[in-house]
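**Student:** only the shape, not the letters, is given here:
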């Protein structure tokens with residue numbers, strides 16, 4: 001058996017794809033990964049018929065559900081993936097437990113709680129609102145059971161260039177160098193420890209009290225970015241480092257050639273002003289408390305040193 005099995009540009013051409021998937025599943029070790037790329041399927045099914053492409057993603061997701069395999073979507077799948085996952089959950093009877101961020105809340109003037117309405121106006125936020133609304137509609141219709149956990153900015157082991165406290169911060173402070181952050185380093189900001197996200201997802205997926213709503217992931221009390229960096233320095237046993245801001249003008253210029261940088265301006269409010277997640281509802285309902293920031297910082301530093 002293998003740790004990694006791949007099937008590229010071929011699953012859609014077989015009349016019995018379940019047989020192919022069964023074989024991929026058989027030769028993959030428990031805990032391994034089956035990697036399927038199907039971005040060419042639109043040509044096989046007749047571009048630009050999006051309904052045909054959607055059908056393919058839906059049927060493949062159902063196959064994965066039948067084999068009790070977790071599904072992780074790549075960027076080209078996300079256009080069709082949410083409907084496919086809902087269809088797979090409906091087909092299999094499984095609970096669909098998803099992880100999201102806080103983009104859907106838009107601008108807020110108080111801590112985000114389990115009862116804060118989704119009111120985003122930007123494109124990134126609206127996509128998340130639409131996905132959740134569709135899932136909730138199907139849940140209310142009795143077609144599927146859904147639940148979602150929502151986290152603030154991730155930090156912890158395994159978070160590299162995708163996090164505000166990853167590649168741009170930890171390696172530099174370990175080397176005694178100053179770090180740059182996005183937004184105001186001296187306003188309250190919530191950071192969610194990644195292992196707490198995993199624990200929360202498992203909890204809500206298996207507890208019917210959680211179904212049919214979204215829950216903030218257990219998250220430690222908010223601190224400033226500067227304070228969080230100091231906690232990382234303390235955990236590393238190094239002297240405090242200089243913390244400065246990355247000018248938004250620099251990001252605007254970078255956005256001329258990097259679309260991802262342009263998208264960051266939609267969520268700029270999360271970094272320029274206080275942005276706090278109140279997860280007390282989760283703790284009161286299920287009893288799970290967030291990992292203390294000092295403990296999370298120590299684990300983060302240890303992970304970076306072991307890389």
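**Tutor:** Thanks, I have the structure now. The model shown is predicted, which means the values in this text are computed figures rather than measured ones.

**Student:** helix or strand next in line after the strand or helix carrying residue 124, which one?
**Tutor:** Residue 124 belongs to helix 123-140 when assigned by DSSP states H and E. Downstream of helix 123-140, the next assigned helix or strand under DSSP H and E is strand 145-150.

**Student:** now that following strand: average pLDDT?
**Tutor:** Strand 145-150 shows a mean pLDDT of 95 in the predicted model.

**Student:** adjacent strands (with direction) for that strand?
**Tutor:** Counting by DSSP bridges, the strands paired with strand 145-150 are strand 95-100 (parallel), strand 214-216 (parallel).

**Student:** identify the residues contacting that strand?
**Tutor:** 86, 89, 95-102, 104, 132, 135-136, 138-139, 197, 200-201, 204-205, 208, 210-217, 277 (C-beta atoms under 8 Å, 6 or more residues apart in numbering). Any C-beta I mention is one placed from the backbone N, CA and C, and that applies to glycine too.

**Student:** beyond that strand, next helix or strand please.
**Tutor:** Taking DSSP H and E, what comes next after strand 145-150 is strand 153-155.

**Student:** direction included, what does that following strand pair up with?
**Tutor:** Counting by DSSP bridges, the strands paired with strand 153-155 are strand 191-193 (parallel).

**Student:** residues making contact with the next helix or strand after the partner strand?
**Tutor:** Next helix or strand after strand 191-193 toward the C-terminus (DSSP H and E): helix 194-205. Identification of contacts with helix 194-205 by C-beta under 8 Å, 6+ apart yields 95, 97, 99, 147, 149, 151, 154-159, 210-211, 215, 217-219, 282, 286, 288, 290-291.

**Student:** any of the residues you listed buried? List them.
**Tutor:** Among the contacts of helix 194-205, those that count as buried by neighbour count (16 or more other C-beta atoms under 10 Å) are 95, 97, 147, 149, 151, 154-157, 159, 210-211, 215, 217-219, 282, 286, 290-291.

**Student:** can you lay out the strands paired with strand 145-150 as TSV showing mean pLDDT?
**Tutor:** Compiled in TSV, those are given as follows (pLDDT from 0 to 100):
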stretch	mean pLDDT
strand 95-100	90
strand 214-216	98
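
**Student:** residue 96 and residue 237, how far apart?
**Tutor:** Note on residue 96: its distance to residue 237, by C-beta to C-beta, to the nearest Å, is 44 Å.

**Student:** all helices of the stretch 151-300 of the chain, in order?
**Tutor:** Counting by DSSP state H, counting those that start in this stretch, the stretch 151-300 of the chain has helices at residues 170-174, 194-205, 225-236, 248-254, 259-263, 269-272, 280-286, 293-306.

**Student:** and those, which one averages the lowest pLDDT?
**Tutor:** helix 259-263 (a mean of 61).

**Student:** so for residue 96 and residue 237, which residue has more residues nearby?
**Tutor:** Taking other C-beta atoms under 10 Å, residue 96 and residue 237 do not tie; residue 96 has more neighbours (22 against 8).

**Student:** how about that one: what's its closest non-neighbour residue?
**Tutor:** With sequence-adjacent residues excluded and distances taken as C-beta to C-beta, 6 or more residues apart in numbering, residue 96 is closest to residue 89, at 3.9 Å.

**Student:** surely the one you found and residue 98 touch.
**Tutor:** No. If you go by C-beta atoms under 8 Å, residue 89 and residue 98 don't touch, sitting 10.0 Å apart.

**Student:** of these two, give the one with the bigger neighbour count.
**Tutor:** residue 89 (23 against 19).

**Student:** quick check, pLDDT for residue 122.
**Tutor:** Residue 122 carries a pLDDT value of 84.

**Student:** how much space between the residue nearest to it when sequence neighbours are not counted and residue 17?
**Tutor:** Nearest non-adjacent residue to residue 122, counting by C-beta to C-beta, 6+ apart: residue 266, 3.8 Å away. According to C-beta to C-beta, residue 266 and residue 17 sit 38 Å apart.
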